[in-house]
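> Just need the structure, nothing else, for what follows:
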Amino acid sequence: MIVAFSVSPLGVGEDVGEYVADAVRVVRESGLPNRTDAMFTTIEGESWDEVMDVVKRAVAAVEARAGRVSLVLKADIRQGVTDGMTSKVETVERFLAAE
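Model prediction:
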């Protein structure tokens, strides 16, 4: 299962990087494969419960410092796939290289 999510505090002004870092820290400490880019943090795990526990804790880390939190989440739920974060990108890159 792959989940891409974005968590951001509301009502704290424009500078939210410190809050987002709290959430990303939770993800990185989880031990699950993950990537963070300018818009989302993506994590991969074996089960719904495993991945959503990390998302829940990341949201809680932001919520601890902000009374209101926005969460955007997209999930790819596919049994039997491992290392999907890498293999999906490799497939696209293979097609691009063939041009």
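> quick one: the helices in this structure?
17-30, 48-63, 84-97 (DSSP state H).
> Pull out the buried residues from the last one.
When neighbours are counted by 16 or more other CB atoms under 10 Å, the buried residues of helix 84-97 are found to be Met85. Bear in mind the C-beta positions are built from the backbone N, C-alpha and C, glycine included.
> Contacts made by it with the rest, please.
2, 33, 35, 42, 44, 76, 78, 81 (CB atoms under 8 Å, 6 or more residues apart in numbering).
> 10 Å - rerun?
Under the contact criterion CB atoms under 10 Å, 6 or more residues apart in numbering, helix 84-97 has outside partners 1-2, 4, 33-35, 42-44, 76, 78, 81, 83.
> and what of the second one?
In this structure, residues lying in contact with helix 48-63 by CB under 10 Å, 6+ apart are 1-3, 5, 7-10, 12, 16, 18-32, 34, 41, 43-45, 47, 68-71, 73, 75, 77.
> Can you tell me how far the residue nearest to Asp22 when sequence neighbours are not counted is from Asp76?
Ranked by CB to CB, 6 or more residues apart in numbering and with sequence neighbours excluded, the top spatial neighbour of Asp22 is Ala61, at 4.2 Å. From Ala61 over to Asp76 the distance is 24 Å, taken as CB to CB, to the nearest Å.
> Alpha carbons of the helix or strand of the chain with the lowest mean pLDDT, as CSV, please.
None of the helices or strands of the chain scores lower by mean pLDDT, DSSP states H and E than helix 84-97, at a mean of 89. This file holds the C-alpha atoms of helix 84-97, laid out as CSV (Å, rounded to 0.1, in the frame of the first residue of the first chain):
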residue,chain,number,x,y,z
GLY,A,84,5.9,0.2,-5.4
MET,A,85,7.3,3.7,-4.8
THR,A,86,10.4,2.8,-6.8
SER,A,87,9.0,0.4,-9.4
LYS,A,88,6.2,2.7,-10.5
VAL,A,89,8.7,5.5,-11.2
GLU,A,90,11.1,3.1,-12.9
THR,A,91,8.3,1.9,-15.3
VAL,A,92,7.6,5.5,-16.4
GLU,A,93,11.3,6.3,-16.8
ARG,A,94,11.7,3.1,-19.0
PHE,A,95,9.0,4.4,-21.3
LEU,A,96,10.6,7.9,-21.4
ALA,A,97,14.0,6.4,-22.3
